[in-house]
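K.L.:
Here is my input; please provide its structure:
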Amino acid sequence: MKQKASPYIPTTNEDQFQMLKEIGVNSFHDLLNDLPQNYIWPNIKLKEMLSEPELTEYFKETSKLNNVVNTNTSFLGAGAYNHYVPSTVQAMIQRGEFLTSYTPYQPEASQGTLQVGFEFQSLVSQLFEMEVCNAGMYDGPTALAEGALMACRIKNNDKIIVHESVSERFLEILKSYTKWQNIDILKFNEVNFSEDTEYACLLVQSPNYLGEIEDVESLSNLIHKKNGLLVQHTYPTSLGLLKPPGKLNADISTAEGQSLGVPLSLGGPYIGILTCKKEFIRQLPGRIIGKTVDENGKTAYALTLQTREQHIRRERATSNICTSTQLIGLMVAVYLATLGPLGLKKISEICYHRAHYLSKEISKISGFKIISKNFFNEFVIEVPIDPKIINEFLLKNKIEGGLDVSKNKQNFLMFAVTELNTPEEINRTIEILKKV
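P.N.:
Numbers count the residues shown, from 1 in each chain. Below you'll find the model as predicted:
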């Protein structure tokens with residue numbers, strides 16, 4: 001006879017007494033006698049008790065001390081961008097159909113979650129013009145690292161070339177991923193491509209970490225001659241205007257999905273995008289969700305490929321990544337479906353033209369010199385004084401200035417412009433910079 005499962009019941013006072021008696025103490029606090037009393041019962045100086053309305057008002061007033069993009073003009077970027085999030089995104093992520101468990105272990109109960117993943121894959125594949133996209137990774141930097149490891153498995157080669165366009169932050173994460181796998185990371189400018197050595201892949205970031213657009217096609221031809229793969233990390237919003245990775249002959253392409261309908265949220269959670277050519281699908285980490293029909297002929301979604309160690313033998317797993325950040329994937333899918341190709345193109349054009357207008361006007365200010373040549377929406381300006389002083393001056397005027405990217409005793413600021421930087425804000429920023 002099958003035993004009926006008992007409901008979970010926490011320990012009672014009697015249970016606790018019996019356990020304490022068994023180990024020879026009278027109370028829980030007797031277990032803490034070896035700890036200094038002032039650490040167990042610290043003198044915490046709390047304010048007087050507040051009612052709920054008073055507490056709400058207190059936190060509301062305290063929050064005004066923060067500098068936030070909702071109230072300030074912001075020109076910060078470098079991987080996280082202040083784009084507008086349509087109201088459809090917030091409305092859809094609250095619907096019950098999509099609020100099933102984040103990991104669809106039971107497909108029959110998680111059709112909403114699976115459909116979200118399928119739509120995400122389909123929309124991102126179209127945007128990147130790549131044949132395959134998985135259901136999502138942790139974030140952009142880890143997606144790039146996973147793409148590099150994927151190339152090593154495909155080519156059975158342990159040599160990765162990193163182009164100078166790749167962010168130092170990404171390189172640190174790549175080093176963490178490869179540290180115990182006997183993989184060599186080589187700098188692009190130190191590689192002699194005339195030698196017979198073959199490589200697993202070449203990593204390139206375009207637009208790069210300073211906003212410049214790289215010649216990806218030339219780099220793709222170069223690494224293909226060495227029997228390697230081209231892995232491109234990109235800024236997905238730029239693909240409304242720039243050639244997508246699929247048109248640049250990239251074999252694997254990755255991105256940070258935050259700019260596609262995901263709020264800045266103090267740095268996360270975000271979602272990593274990983275796409276590739278169909279011939280490499282068996283080495284793709286994460287999951288692939290497929291669309292089919294059930295025995296009644298109705299549309300059904302299922303996990304088609306799931307090559308992670310929870311599902312298959314560890315030695316054959318392509319990754320130990322354990323989530324697909326599906327809620328963030330839903331935001332991306334709703335955002336792309338809301339905008340459509342023309343909407344995304346319009347936003348890309350606005351970002352591009354406003355950034356070039358701002359850079360041109362700043363370069364006219366005495367002492368300011370534009371460094372960037374071929375950029376999308378992010379550019380570097382050489383400034384006459386310490387960038388920290390300039391940013392402090394801007395912040396007093398409710399403007400979050402550019403990111404300090406100074407090097408070799410040169411003062412550099414990198415500005416990022418999105419559709420939320422209005423012409424009025426841009427002109428006001430120019431006038432304030434003239435007073436620095």
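K.L.:
For the protein, give me the ranges with low pLDDT.
P.N.:
Counting by pLDDT under 70, the ranges of the chain that qualify are 1-9, 99-109, 307-314, 320, 322-324.
K.L.:
per the record, what domains does it have?
P.N.:
73-83+341-433, 87-337 (automatic domain parsing).
K.L.:
Switch these over to a markdown table; also include distance to residue 13.
P.N.:
Any C-beta I mention is one placed from the backbone N, CA and C, and that applies to glycine too. Formatted as a markdown table, the domains of the chain follow (distance: least, CB to CB, whole Å):
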| stretch | distance to residue 13 |
| --- | --- |
| domain 73-83+341-433 | 50 |
| domain 87-337 | 35 |
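K.L.:
Would you pull up how far stretch 211-230 lies from the middle of the chain?
P.N.:
23 Å (CA atoms, centre = their mean, to the nearest Å).
K.L.:
could you dump that stretch to CSV, C-alpha only?
P.N.:
In CSV, the C-alpha atoms belonging to stretch 211-230 read as follows (Å, rounded to 0.1, in the frame of the first residue of the first chain):
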residue,chain,number,x,y,z
GLY,A,211,31.0,53.2,-29.3
GLU,A,212,33.0,52.8,-32.5
ILE,A,213,31.6,50.6,-35.3
GLU,A,214,34.2,47.9,-36.3
ASP,A,215,34.8,46.4,-39.8
VAL,A,216,33.4,43.0,-38.7
GLU,A,217,33.3,41.6,-42.3
SER,A,218,37.1,42.0,-42.7
LEU,A,219,37.7,40.4,-39.4
SER,A,220,35.4,37.5,-40.3
ASN,A,221,37.3,36.9,-43.5
LEU,A,222,40.6,37.0,-41.5
ILE,A,223,39.6,34.4,-38.9
HIS,A,224,37.9,32.1,-41.4
LYS,A,225,41.2,31.8,-43.2
LYS,A,226,42.7,30.4,-40.0
ASN,A,227,39.8,27.9,-39.7
GLY,A,228,38.3,29.8,-36.8
LEU,A,229,34.9,31.3,-36.0
LEU,A,230,33.9,35.0,-35.8
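K.L.:
and that stretch, which residues are buried?
P.N.:
211-214, 216, 219-220, 222-223, 226, 228-230 (16 or more other CB atoms under 10 Å).
K.L.:
any idea which of these is the one closest to residue 205?
P.N.:
residue 214 (7.3 Å; CB to CB).
K.L.:
Does that closest one touch residue 165 like I think?
P.N.:
Yes - contact status for residue 214 versus residue 165: in contact at 5.1 Å, counting by CB atoms under 8 Å.
K.L.:
overlap in contacts of those two?
P.N.:
Common neighbours of residue 214 and residue 165 are listed as 204, 205, 206, 208 (criterion: CB atoms under 8 Å, 6 or more residues apart in numbering).
K.L.:
Is the first one part of a helix or strand, or is it coil?
P.N.:
Reducing the assignment at residue 204 to three states with DSSP: H, G, I helix; E, B strand; the rest coil gives strand.
K.L.:
partner residues bridging it?
P.N.:
residue 232 (DSSP bridges).
K.L.:
Can you report how many residues neighbour it?
P.N.:
Applying other CB atoms under 10 Å, we find 26 residues neighbouring residue 204.
K.L.:
can I assume it is in contact with residue 230?
P.N.:
Yes - proximity of residue 204 to residue 230 meets the contact threshold set by CB under 8 Å, at 7.0 Å.
K.L.:
any common contacting residues for the two?
P.N.:
Shared contacts of residue 204 and residue 230, defined by CB under 8 Å, 6+ apart, are found at 216, 219.
K.L.:
what sits against residue 145?
P.N.:
Per CB under 8 Å, 6+ apart, neighbours of residue 145: 170, 173, 174, 176, 177, 178.
K.L.:
Ok, residue 269 next?
P.N.:
139, 325, 328.
K.L.:
mind redoing it with 6 Å?
P.N.:
Applying CB atoms under 6 Å, 6 or more residues apart in numbering to residue 269 gives the contacts 325, 328.
K.L.:
Which helix or which strand is home to it?
P.N.:
Under DSSP states H and E, no helix or strand contains residue 269.
K.L.:
the strands in the stretch 1-150 of the chain, which residues?
P.N.:
73-74, 132-133 (DSSP state E, counting those that start in this stretch).
K.L.:
could these be laid out in TSV, adding distance to residue 110 and mean neighbour count?
P.N.:
Listed next are the strands of the stretch 1-150 of the chain as TSV, based on distance: least, CB to CB, whole Å; neighbours: other CB atoms under 10 Å:
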stretch	distance to residue 110	mean neighbour count
strand 73-74	37	22
strand 132-133	19	22
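K.L.:
would a markdown table of those strands with distance to residue 198 be doable?
P.N.:
Formatted as a markdown table, these follow (distance: least, CB to CB, whole Å):
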| stretch | distance to residue 198 |
| --- | --- |
| strand 73-74 | 45 |
| strand 132-133 | 24 |
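K.L.:
quick one, which of those is nearest to residue 376?
P.N.:
Of all the strands of the stretch 1-150 of the chain, strand 73-74 sits nearest to residue 376, with 17.4 Å by CB to CB.
K.L.:
so how far is residue 251 from residue 279?
P.N.:
9 Å (CB to CB, to the nearest Å).
K.L.:
neighbour-wise, which of those two wins?
P.N.:
residue 251 (26 against 11).
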